[in-house]
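[1] Next comes the sequence, and after it the predicted model I'd like to discuss.
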Amino acid sequence: QVQLVESGGGSVQVGGSLRLSCDGTRLGGSTYCMAWFRQAPGKERERVGSITNRDMKWIADSVKGRFTVTKDTNSNILFLQMNDLKFDDTAMYYCAAEWAYGYCPKSDSFRRWGQGTQVTVS
């Protein structure tokens with residue numbers, strides 16, 4: 001059963017913006033850390049941002065000041081606002097979730113993943 005569905009990817013020029021969404025309403029319950037990861041060809045997967053069930057946010061240094069992670073307060077719908085996009089932001093972006101109260105676990109602990117949405121910056 002697909003529990004996470006991403007949308008909003010696409011092609012954009014350098015300096016442009018995109019907003020990714022992750023529908024996690026099928027997760028059931030609200031005690032989840034939700035996160036965005038990305039992986040470019042030939043590179044390791046990178047956590048971009050995450051948010052706990054208590055709305056504590058973390059964002060990677062590589063995107064700090066340009067990307068913002070938010071979550072709908074009443075549902076498990078996660079967003080990633082990406083501004084001032086750069087060539088290096090080109091990647092497949094994945095939404096992930098893991099049950100956790102008040103914290104986000106290490107990256108390899110996430111067991112629920114979406115299918116990914118491609119972001120291409122040119």
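    Here it is on my side, so go on.

[2] quick one: the strands in this protein?
    5-7, 10-12, 18-23, 32-39, 46-51, 57-59, 67-71, 77-82, 91-99, 112-113, 117-121 (DSSP state E).

[3] Can you say which of those strands is nearest to residue 105?
    strand 91-99 (5.4 Å; CB to CB). In this view, the C-beta of every residue, glycine as well, is placed from N, C-alpha and C.

[4] Residue 2: neighbouring residues, count only.
    Other residues near residue 2 come to 10 when the count uses other CB atoms under 10 Å.

[5] Tell me the spacing between it and residue 77.
    15 Å (CB to CB, to the nearest Å).

[6] Could you state which residue of this protein sits nearest its centroid?
    Per CA atoms, centre = their mean, the C-alpha nearest to the average position across the chain is that of residue 36, at 2.0 Å.

[7] dump the residue contacts of that one.
    20, 22, 47-50, 69, 78, 80, 93-96 (CB atoms under 8 Å, 6 or more residues apart in numbering).

[8] Closest to residue 59 out of the residues you listed?
    For the contacts of residue 36, the nearest to residue 59 is residue 49 (4.4 Å; CB to CB).

[9] Tell me which residues touch the residue nearest to residue 101 when sequence neighbours are not counted, please.
    Nearest non-adjacent residue to residue 101, counting by CB to CB, 6 or more residues apart in numbering: residue 31, 5.2 Å away. By CB under 8 Å, 6+ apart, the contact list for residue 31 reads 53, 99-101.

[10] Next, residue 31: phi, psi?
    Here is the backbone geometry of residue 31 (degrees, to the nearest 10): phi -90, psi 60.

[11] rewinding a little: may I ask which of the contacts of residue 31 has the most neighbours?
    Result: residue 53 is most packed of these (other CB under 10 Å), 19 neighbours.
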